[in-house]
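Asker: Below is the sequence, then the predicted model.
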Amino acid sequence: MWSLTASEGESTTAHFFLGAGDEGLGTRGIGMRPEESDSELLEDEEDEVPPEPQIIVGICAMTKKSKSKPMTQILERLCRFDYLTVVILGEDVILNEPVENWPSCHCLISFHSKGFPLDKAVAYSKLRNPFLI
């Protein structure tokens, strides 16, 4: 889950807290009827559990970098996590679209290379305020 926190005088940035928290600490609680079976409890919990919030990770790099073997290895590892959604900003989007039209993300991974519009990446980070890598 993620939340926005800020102290006085600080800018608001996203902070992520991952894990089960108190939800995964047990199935029996105070006031439960003993006649309920464990299978009934599991069915009830599955119906009431909200979907996990997704952290959107944006990859901002030229095609040569985003399709490279090291990057595909990184992306394969990132995609193993159920709570992460990876969005690759294509070269066409980076070069031709205004930053206001770029997909919104919580975390931005960016690689500078020849022809990369660094000024647009900086403008996007100021606009959306993602966690930057």
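Answerer: Nice, I can see it.

Asker: which stretches of the protein form strands?
Answerer: 2-5, 13-16, 55-60, 84-89, 107-110, 131-132 (DSSP state E).

Asker: Not counting its own residues, what contacts the fifth one?
Answerer: Contacts with strand 107-110, where a contact means Cβ atoms under 8 Å, 6 or more residues apart in numbering, come from 55-61, 121, 124-125, 128, 130-133. C-beta: built from backbone N, CA, C; applies to glycine.

Asker: redo that, cut-off 6 Å
Answerer: For strand 107-110, the external contacting residues (Cβ atoms under 6 Å, 6 or more residues apart in numbering) are 57-60, 121, 130-133.

Asker: What subset of those residues is buried?
Answerer: The neighbour-count criterion (16 or more other Cβ atoms under 10 Å) marks 57-60, 121, 130-131 among the contacts of strand 107-110 as buried.

Asker: sorry, back to before: report the two of the contacts of strand 107-110 separated the most.
Answerer: The distance between the two most remote of these (Cβ to Cβ) is 14.9 Å, for Val57 and Ala121.

Asker: Can you tell me the closest non-neighbouring residue to Ile56?
Answerer: Once flanking residues are discounted, Ile56 sits nearest to Cys105: 4.3 Å by Cβ to Cβ, 6 or more residues apart in numbering.

Asker: give me every residue that touches that neighbour.
Answerer: Listed by Cβ under 6 Å, 6+ apart, the contact partners of Cys105 are 56, 58, 130.
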